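Chemist: give the three-dimensional model of this entry:
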Amino acid sequence: KESEAIAVDPTAHKPDKTDYIADEKGHWFACSLCGTELKDETYEEHDYTGGEQNCTICGVTDSTYFYFTLLDDGSSYGIEQTITVLSSPPYYYFSNFTGSVKLPDYHNGFPITELMEIRETPIEIELPSGPVTDYLETGAFFNNTSLTNIELPNFITEIPDQAFYGCTALESVSIPDGVTSIGYYAFRDCTLLENINIPDRVTSIGSYAFSRCALKEIEIPDSVTSIGDFAFEYCEEIVSIDISNVFSIGEGIFRDCTALESVTLPDDITTIVRSMFWNCTSLIFEIPDTVTTIGDQAFIGCSFTSITIPDGVTSIGGSTFADCTSLTSITIPNSVKEIEDRAFWGCTSLTSITIPESVTLIGDYAFEDCDNLTSVEFADTTSEWGMKRYSDSVDFIDTFTPSTPEENAKALTDTYLRYIWEKQTND
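Modeler: Numbering: from 1, shown residues only. Coordinates of the predicted model:
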């Protein structure tokens, strides 16, 4: 690896936080900004103490290094950084001051075409603006806790995976108009990032891309057709979002978006994916009539008081409405064949429910902790139900024939709570 001096802001230079170069023996000798010479001690003789890791002997700060790597094509360089102190030359020392740094466009006459890994920087960084190809690599600024804002060059076409993952101080970033994709984990845990622009050429947003950000609002352009799993989970400030042009929706994309009140879905949506609205406690929502599939855990912890399941849905997934403690009324259509495990677990405000004739299976614990459920009516009052512990069991432990609404409720929430109910046919 080769090194090159980094241009820094001289106004940020301080005597105890300076920019030094090491000779071939690992000695620290001269500040590249002011020329101050240090004592001729080897790295092993330095004594680093304190939160900023300042040497108590000479005052130099053990901080960060930038490296240039000639890429495989032999015609360009990548730039990266490490926080591991090495004594072998030639490495360029860069102090951890709260100023700004400008990375060069060229090295040895060749362009800088990749940012490989920039883990620790000053609060602002100006990126190379030369002719780049594969500009940002995966995890380029991963866990960089100093960076507060960055403006990306216009020629960038993608935000790669984990590019800004864990940039907890990042407050603003401008995504160039030419970007077409945002990778998975790209901005996850950017806990101060409140607003971001998504250009209208972006077609895909990767899994966990904005998970745990402080986004207050976000506009999804019509060009976006795919959003990955948990892309906006724990974005607890978003109030509304429009994904009406997205046809590929990942699991749990709005999980724990506790301020989310409204979502505009595609007109022809057929599936509410697994965990899609888990713990969206502010959500006001009606399931579209086009929906035929509701995934497991889709509405866990939501604050609905009533819900109507569209005709055409054949299964209520496992834990779909678990812990919907405000739910008092639910309408199940005659198309539903299965009510899966823990579907209504903890719906403490639910007092009555009708099981349509089409239902042939009720999973175990489907009505666990429905403490106020006192009336259950079976539309089919003549068929017998068999009780078994496991879905692949062939033998029934007991049987039950629907009785009064009160007895039915007791059986579902108490007597046969832990069993899978399977309707018996007359064949």
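Chemist: how close does the closest residue to residue 311 other than its chain neighbours get to residue 352?
Modeler: In space, not counting the residues next to it along the chain, residue 311 is nearest to residue 333; the distance is 4.2 Å by Cβ to Cβ, 6 or more residues apart in numbering. From N, CA and C alone the C-beta is placed, and that goes for glycine too. From residue 333 over to residue 352 the distance is 17 Å, taken as Cβ to Cβ, to the nearest Å.
Chemist: burial count for residue 175?
Modeler: 18 (other Cβ atoms under 10 Å).
Chemist: actually, residue 217.
Modeler: Residue 217 has 12 nearby residues by other Cβ under 10 Å.
Chemist: list the contacts of it.
Modeler: 195, 238, 239, 240 (Cβ atoms under 8 Å, 6 or more residues apart in numbering).
Chemist: so the second one is in contact with residue 214, correct?
Modeler: What that stands for is residue 238. No: between residue 238 and residue 214 there is no contact under Cβ atoms under 8 Å: 9.7 Å.
Chemist: of these two, who's got more company?
Modeler: residue 238 (22 against 17).
Chemist: gap between the more buried one and residue 173?
Modeler: 17 Å.
Chemist: which residue ranges of the stretch 301-427 of the chain form helices?
Modeler: Applying DSSP state H, counting those that start in this stretch to the stretch 301-427 of the chain gives helices spanning 405-410.
Chemist: tell me where the model's unsure across it.
Modeler: By pLDDT under 70, the low-scoring segments of the stretch 301-427 of the chain are 426-427.
Chemist: hey, where'd the strands end up in it?
Modeler: 306-308, 315-316, 329-331, 338-339, 352-355, 361-362, 375-378, 385-388, 398-400, 420-423 (DSSP state E, counting those that start in this stretch).
Chemist: quick one, which of those strands is nearest to residue 225?
Modeler: Closest to residue 225 of the strands of the stretch 301-427 of the chain is strand 315-316 (Cβ to Cβ; 26.8 Å).
Chemist: contact partners of the closest one?
Modeler: 293, 294, 309, 332, 336, 337, 338, 339, 340, 343.
Chemist: number of nearby residues for the closest residue to the first one other than its chain neighbours?
Modeler: Computed as Cβ to Cβ, 6+ apart, the closest residue to residue 293 that is not its neighbour in sequence is residue 271, at 4.4 Å. Residues contacting residue 271 under the criterion other Cβ under 10 Å number 14.
Chemist: wait, residue 271 sits on residue 296?
Modeler: No: applying Cβ under 8 Å, one finds residue 271 not in contact with residue 296, separated by 11.9 Å.
Chemist: picking up where we left off before, any chance of JSON lines for the contacts of strand 315-316, columns neighbour count and distance to residue 144?
Modeler: Shown next, in JSON lines, are those (neighbours: other Cβ atoms under 10 Å; distance: Cβ to Cβ, whole Å):
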{"residue": "293", "neighbour count": "15", "distance to residue 144": "41"}
{"residue": "294", "neighbour count": "26", "distance to residue 144": "40"}
{"residue": "309", "neighbour count": "18", "distance to residue 144": "46"}
{"residue": "332", "neighbour count": "19", "distance to residue 144": "50"}
{"residue": "336", "neighbour count": "20", "distance to residue 144": "50"}
{"residue": "337", "neighbour count": "15", "distance to residue 144": "51"}
{"residue": "338", "neighbour count": "18", "distance to residue 144": "48"}
{"residue": "339", "neighbour count": "26", "distance to residue 144": "48"}
{"residue": "340", "neighbour count": "19", "distance to residue 144": "44"}
{"residue": "343", "neighbour count": "24", "distance to residue 144": "44"}
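Chemist: stretch 399-407 spans what distance, first to last residue?
Modeler: 14 Å (Cα to Cα, to the nearest Å).
Chemist: do the same with stretch 142-160
Modeler: Stretch 142-160: ends 11 Å apart by Cα to Cα.
Chemist: only the buried residues of it, if you could.
Modeler: Neighbour-count burial for stretch 142-160, counted by 16 or more other Cβ atoms under 10 Å, picks out 142, 144, 146, 147, 148, 150, 152, 156, 158, 159, 160.
Chemist: nearest to residue 278, of those?
Modeler: So of the buried residues of stretch 142-160, ranked by how close each gets to residue 278 (Cβ to Cβ), first place is residue 159, at 26.0 Å.
Chemist: who does that closest one bridge with?
Modeler: residue 182 (DSSP bridges).
Chemist: surely the residue nearest to residue 311 and residue 307 touch.
Modeler: No: here residue 333 does not reach residue 307: they are 11.8 Å apart, not a contact under Cβ under 8 Å.
Chemist: which one's more surrounded, those two?
Modeler: Remark: of residue 333 and residue 307, residue 307 carries more neighbours, 19 against 14, as counted by other Cβ under 10 Å.
Chemist: is the more buried one bridged to anything, and to what?
Modeler: Bridge pairing for residue 307 - DSSP bridges - gives residue 330.
Chemist: could you pull up the residues touching it?
Modeler: 286, 287, 299, 321, 327, 329, 330, 331.
Chemist: need these in a markdown table (columns: distance to residue 381 and neighbour count).
Modeler: Putting those into a markdown table (distance: Cβ to Cβ, whole Å; neighbours: other Cβ atoms under 10 Å) gives the following:
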| residue | distance to residue 381 | neighbour count |
| --- | --- | --- |
| 286 | 31 | 10 |
| 287 | 28 | 17 |
| 299 | 30 | 28 |
| 321 | 25 | 26 |
| 327 | 25 | 22 |
| 329 | 22 | 14 |
| 330 | 20 | 19 |
| 331 | 19 | 13 |
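Chemist: for those residues, which one is nearest residue 260?
Modeler: Distances from residue 260 to the contacts of residue 307, taken by Cβ to Cβ, are shortest for residue 299, at 12.4 Å.
Chemist: thinking the closest one is in contact with residue 275, fair?
Modeler: No: with contact defined as Cβ under 8 Å, residue 299 does not reach residue 275; the gap is 9.3 Å.
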